[in-house]
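>>> what shape does this take:
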Amino acid sequence: MKKLILSTAALAISAGFAMAQSDKTVRLGTEGAYAPWNFVNDAGEIDGFERELGDELCKRADLTCEWVKNEWDTIIPNLVSGNYDAIIAGMSITDERDEVIDFTQPYTPPDPSAYLAMSPDVDLEGGVIAAQATTIQAAFVAEQGWTVVEFPTPEETVAAVKSGEADAVLADKSYLDTMVGSDGLVMLERMEAIGGGVGMGFRESDAELRDTFDAAIQSMKDDGSLNEMIAKWEVSSQW
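The predicted structure follows:
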């Protein structure tokens, strides 16, 4: 009897939480400048793998969601300050970030980081490497003791290589794949395995909301729809 009462109470709490969540508009923050993960399409709307993923997660969680575009270098501070409720922006899970915000389980495995340059013979150790500021790639280059120049946006890192300001750019391979062959850009053979997969970020005070999205991610893994979406957008390897 005691178990029955406890189970009934647990169901009531879960149902109450689900109703409260369904009445709430959850704001999803993304960069909108990192195709194919997230970008702004010709209609001026957020598009890409994470737009499709986020919409599906909200549907499964019975949540009303809206999208907020935010520059990368302030994306964590603006989450913490309440400008939106979650980050879904190609953000790799790292110990450093996990000290400030909480993450769901990863929705993609770690994406290889690659180098794009104007020549296949670039001396990485002796050259200048461009990377987007506050990314795992910028941290990696600095840790090697190489020369790194950081830029606010991913487009600027590639532009620096084209202009000769940098010898190569280090970024997610899926992002750089879209630019190979453009203006003579070539992908180097060397790849780096850094980061712990990509997940959604939440304020540490929003554990219940994080758990709701975590369950939705798991449901997509379980029924195979997440792998289908990853393959469609070619953002990483599959689970």
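>>> C-alpha only now, for contacts and for neighbours.
Fine.
>>> give me the number of residues near the nearest residue to Val198 once chain neighbours are set aside?
In space, Val198 comes closest to Ser92 once its chain neighbours are excluded; the distance is 4.3 Å by CA to CA, 6 or more residues apart in numbering. By other CA atoms under 10 Å, 23 other residues sit near Ser92.
>>> any idea how far Ser92 is from Arg60?
Distance of Ser92 to Arg60, given as CA to CA, to the nearest Å: 23 Å.
>>> quick revisit: I'd assumed Ala193 was in contact with the residue nearest to Val198.
No. Ser92 lies out of contact with Ala193 (CA atoms under 8 Å); the separation is 11.8 Å.
>>> mind listing the shared neighbours of these two?
Taking CA atoms under 8 Å, 6 or more residues apart in numbering as the contact rule, Ser92 and Ala193 both touch Pro110.
>>> in terms of residue numbering, what are the domains of the chain?
Per automatic domain parsing, the structural domains of the chain span 2-109+197-233, 113-192.
>>> which stretches of the chain aren't confidently modelled?
Along the chain, the model assigns pLDDT under 70 to residues 1-23.
>>> hmm, 50 instead?
By pLDDT under 50, the low-scoring segments of the chain are 1-22.
>>> spatially central residue in it, please.
Residue closest to the average C-alpha location in the chain (CA atoms, centre = their mean): Gly90, at 1.4 Å.
>>> that residue should be in a strand, yeah?
No. Checked against DSSP: H, G, I helix; E, B strand; the rest coil, Gly90 lies outside a strand; its state is coil.
>>> can you pull the contacts of it?
Per CA under 8 Å, 6+ apart, neighbours of Gly90: 34, 37-38, 50, 198-199.
>>> in strands, which of the residues you listed appear?
Among the contacts of Gly90, the ones falling in strands (DSSP state E) are 34, 38.
>>> export the contacts of Gly90 as TSV, with columns for distance to Pro154 and neighbour count.
Shown next, in TSV, are the contacts of Gly90 (distance: CA to CA, whole Å; neighbours: other CA atoms under 10 Å):
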residue	distance to Pro154	neighbour count
Tyr34	7	21
Trp37	12	26
Asn38	12	22
Glu50	17	25
Val198	17	23
Gly199	19	24
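>>> contacts only, for the closest residue in space to Gly126 that isn't next to it in sequence.
Among residues not flanking Gly126 along the chain, Trp146 sits closest, at 6.9 Å (CA to CA, 6+ apart). Residues near Trp146 by CA under 8 Å, 6+ apart: 124-129.
>>> if you set the cut-off to 10 Å instead, what comes out?
Shown in contact with Trp146 (CA atoms under 10 Å, 6 or more residues apart in numbering): 124-129, 140.
>>> possible to save those residues as a markdown table with distance to Glu204, neighbour count and secondary structure?
Listed next are the contacts of Trp146 as a markdown table, based on distance: CA to CA, whole Å; neighbours: other CA atoms under 10 Å; DSSP: H, G, I helix; E, B strand; the rest coil:
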| residue | distance to Glu204 | neighbour count | secondary structure |
| --- | --- | --- | --- |
| Leu124 | 38 | 16 | coil |
| Glu125 | 38 | 12 | coil |
| Gly126 | 41 | 11 | coil |
| Gly127 | 39 | 14 | coil |
| Val128 | 37 | 21 | strand |
| Ile129 | 34 | 29 | strand |
| Phe140 | 26 | 17 | helix |
